[in-house]
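Participant: Next come a sequence and a model predicted from it.
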Amino acid sequence: MASDKPRPGAPNRAGLTIEAYKGRPSTLCNGCGHDAISNQLVRAFYEYGIDPAEVVKFSGIGCSSKTPAYFLGRSFGFNTIHGRMPSVATGALVANRRLKGLAVSGDGDTASIGIGQFVHAMRRNIPLIYILENNGVYGLTKGQFSATADRGSRLKGGGANELPPVDCCALAIELGCGYVARSFAGDPKQLSALLKGAIGHRGTAFIDVLSPCVTFNNHEGSTKSYPYLKGAEEWLHDVGFIPYFEQIAVDYADGTTREIALHDGSRLTLGKLEREYDPTDRLGALAKLRASSEGGTFLTGLFYIHGGKPDFTELLDLDDEPLSALPPERVRPSRGAFERILARLR
Amino acid sequence: MEQTSNSRNTGSVINDFSIQIATVNGSGSQSANAILMRAIFRMGIPVSGKNIFPSNISGLPTWYAIRVSERGYAARKAGIDIGVALNPHSAREDALAVSPGGVLLAESALGLGKLRDDVHCYEVPFSRLAEEVTDNFRLRRLLANMVYVGALTRLLSIDPAEVDAAIRRQFPDKAGAVELNLRALEAGRSHAERHLEKTDPFRLEPRTLTRGRILIDGNGAAALGAMFGGCTVASWYPITPSTSLMEQLQGFMREFRTDPRTLKASFAIIQAEDELAALGMVVGAGWAGARAMTATSGPGISLMAEFSGLAYFAEIPAVVWDVQRLGPSTGLPTRTSQGDLLSCYFLSHGDTRHILLLPATPGECFDFAQQAFNLAERFQTPVICMSDLDLGMNDWVAEEFPYPDHIPLDRGKVLREPDLGAMADFARYLDTDGDGVCPRTLPGNRHPAAPYFTRGSGHNPKAEYSERPGDYARLMERLARKIRGAVPSLPPPVIADGAGGPVGIVAWGSTHAAAQEARDRLREEHGLETGYLRLRSLPPGEDTVRFLERHERVYVVEQNRDGQMRAILQIEFPAAAARLRSVLHCDGIPVDAGSIAGSILEWERKGEDHGE
Ligand SMILES: Cc1ncc(C[n+]2csc(CCOP(=O)(O)OP(=O)(O)O)c2C)c(N)n1
Ligand code: SF4
Ligand SMILES: [Mg+2]
């Protein structure tokens, strides 16, 4: 489907060239999957024309969590502590509800030390794009297994993982997250569409992106290596994206494509592959994930979407004005109120 | 006891005694005790109440200790002048605990009448009288409490009109409850009138000493302070004894900080999944420009350690209330303590030293709750307020708080778009003013130079990643300078009779009540004059070290095992270290004046030999 994305040298809808979406040079290992994801984030935000001043970046600790320094250099960012990024993001996004949250975490950061905060973030539906850069190991501490390592996968230095992996997509769906997808750092086209879909979604969007660690988990016997994942990837559907500002009508051959409308009017197009898949069916999504993990396939695509759920700032009935910007008279009750309270205590 | 011997001369003890009520928790004695306290307060007599309760929802012994004191002493009084025994499981011990010459008011069914011949014993069938008021089994249990209030009303000459008013106030909009409680009260009162012949000397007489005062718990005062201090985000995880701070904050905020037209809130209160997340949310909110706080107790403080260090190092405002209790996990979670001081002062890993505020009264809880936000934002750092169970959960008579016009909201050095002007580059951690406090920008600022990347790892003045030794060393030096520079802005110590002399006393927090009284006793009963300094914040400043230097021996009084404040003063002022001695109390029950005075006298008598 033809979509005329801005050429990287040209200004986008926000009047910015792609340079405005880049960050500092990466210090990760050459070929690290995380860098491929950073590149897609730069492109997606540029092509979407999002004003970087409206975005805040968050991360925990890990190689993956370093990456917010390498994209969206004109956005505020916070590299927090290991496994606790969701709480910081929650606080910041509640303090200023006009901000768009973009979070990056690792599989250690999310599925091991941070599983508690991950779970509660999914429950709260904070307005946050949550990207899990999943390599099955702790990169930054030199290659120990994380909780997403597949059973039987082998470490570089020998030794196989005996424990079942945590499936963060299944957890996210279970806990009510309204946008749950899985992708692959080696599949830029699909990743780009899913990232843009996440930008157009309101509430928490969770994307588990398999992102090989070329230094510690890219060997024979690993189920998170580039060669293994390339061979094993199966598309649930062919994902495309049509932004709200390109209202092109597309003709699909009957029944071949499903369109999903997003909060801001953009559309995700899901080209059906061999069989029916309904990404609005929560139980069906869970069953599909279960079947895929049991069958040992690496399934990617948009597993589940449910728009229209109130996000956490709405549940809190927050003032439209950011809490951080309320003037003193809005946050200090009057002398009259004070007198009424004192009268109760006399 | 002084008062009792006093009474033998005059025949009666007026407005100066303690009442201890022994009941079972979950039996509804709390509202009866609150009514009793308020009625006495409304009679114009200074009164304090201490709830000594178990970590349990229902069925274990609980005690409520009321003290009336014309001199306004609010610390726990050692010795029970009037004991009220309702709990069959602790009846014997409760009866034996009454001081000789005191009063035992006991449930007749407990059969305590003959146990003591050195106290005035009155037996009242509280349960049977309650049965006559209602035949609802559950209510009877509750109403038995009002029956003892009725008996005390008669025995102590409490103004019945004030009890009446206190009952109505306790159950607003519940006419049925008011009616039943009034009847139970009357049952107790008229029984006492008809059957009890007063032989004891204890009596209340109206005064005007509580005019212009309020009755409030420290947690309620802190919650009010937080609301009037412009708190916008609060995140917490329930833990006694801090829970009532957050729950009261929630109540006040819903009532006074919801826009009546739009019904939108100018605040967010979030119950987090644990204390890690609670402080994480506060840090995120503070970073984004909210006035954010949390409240917790010791175990929660431990969980907040990592984030405290991050906030200190990345320079993010955060307010934490530590309402201290005893011991870890299920230790004695409903008992008071001042045992978190050292861990809070240095909370986290690496070099940290936090600003601590040390409120001693509800008035200071109100005040410091506001100042904490100002200090946190001004110095871009966590500020920890050290309250405790005694201060936080018990009711105290306090001067009416003034409307806080005199504490304007200080939002610190924040650069908005116009302030950045033509700046091409903004360096977040550049000490432009030389005071260690670097101007910050807030997310949402659209100026192209405004954004920066906050990190816990090493950074240079431009907020760039740096592992250079010099960058780290300079940053740590600046942070130390920043916190030192904050000292003149912190609540200064309160000094009384501090001109100098052989003996000085230092106290902090809720220990103040007993320390003050101990000084009076030392002076009046033993002729020992003492200078007094009460710390209201850390790090300590010049005033404190001067005070230490002016006294040969300084007793640091606190409610923990190892003398934590003494240790801090010794670290901060090594030259004065040898003068400092600890007077300690840590059994979970609020300290009393007698034991402080006793320890000091013992030290003084034994001089230098006193073993340490
Ligand atoms: C509290 C705490 N414990 C341990 C560490 C050490 N640590 C740093 S990164 C990391 C694992 C990161 O793994 P992951 O999140 O998968 O990120 P990756 O490096 O693989 O991208 C660990 C254990 C830490 N920084 N903090
Ligand atoms: S160690 Fe692995 S995860 Fe870390 S940067 Fe290198 S390749 Fe990437
Ligand atoms: Mg990893």
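Facilitator: Looks like it came in fine. Ligands and ions are numbered 1, 2, ... in the order given.

Participant: Tell me the bridge partners for the closest residue to ligand 2 within chain B.
Facilitator: Nearest residue of chain B to ligand 2, counting by CB to the nearest ligand atom: residue B:465, 14.3 Å away. To be clear about C-beta, it is placed using only N, CA and C from the backbone, and glycine gets the same treatment. Under DSSP bridges, the beta-bridge partners of residue B:465 are residue B:459.

Participant: gap between it and residue B:351?
Facilitator: Per CB to CB, to the nearest Å, residue B:465 is found 20 Å from residue B:351.

Participant: contacts for stretch B:406-419?
Facilitator: A:328, A:331-332, B:229-230, B:289, B:291, B:317, B:367, B:370-371, B:373-374, B:377-380, B:426, B:433, B:437-442, B:445-447, B:450 (CB atoms under 8 Å, 6 or more residues apart in numbering or on different chains).

Participant: Take those and keep only those in helices.
Facilitator: In this view, the contacts of stretch B:406-419 that belong to helices under DSSP state H are A:328, A:331, B:367, B:370-371, B:373-374, B:377-379.

Participant: Most neighbours among those residues, which one?
Facilitator: residue B:373 (31 neighbours; other CB atoms under 10 Å in any protein chain shown).

Participant: got the contact list for residue A:96?
Facilitator: Counted by CB under 8 Å, 6+ apart, residue A:96 has contacts A:322-325, B:288-290, B:442-444.

Participant: how about it, phi and psi?
Facilitator: Torsion angles at residue A:96 (phi, psi; degrees, to the nearest 10) stand at phi -140, psi 90.

Participant: just residue B:405 next, same as before
Facilitator: Phi and psi for residue B:405, reported as degrees, to the nearest 10, are phi -50, psi -30.

Participant: circling back to that earlier point, list the contacts of the residue of chain B closest to ligand 2.
Facilitator: A:69, B:455, B:457-459.

Participant: okay, now the residue of the stretch 401-550 of chain B found nearest ligand 1: neighbour count?
Facilitator: Distances between the stretch 401-550 of chain B and ligand 1 by CB to the nearest ligand atom are smallest at residue B:456, namely 8.9 Å. Neighbour count of residue B:456, defined by other CB under 10 Å: 20.

Participant: and if you look at residue B:563?
Facilitator: Residue B:563 has 21 nearby residues by other CB under 10 Å.

Participant: From what I see, it and residue B:557 are in contact.
Facilitator: No: between residue B:563 and residue B:557 there is no contact, the gap being 9.6 Å when judged by CB atoms under 8 Å.

Participant: Take the ones in helices among the contacts of stretch B:406-419 and write them to TSV, including distance to ligand 2.
Facilitator: TSV is the format used below for the ones in helices among the contacts of stretch B:406-419 (distance: CB to the nearest ligand atom, whole Å):
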residue	distance to ligand 2
A:328	46
A:331	44
B:367	50
B:370	46
B:371	45
B:373	40
B:374	42
B:377	37
B:378	39
B:379	36
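
Participant: just curious, which of the residues you listed is nearest to residue B:573?
Facilitator: Residue B:573 lies nearest to residue B:379 out of those, by CB to CB, at 22.1 Å.
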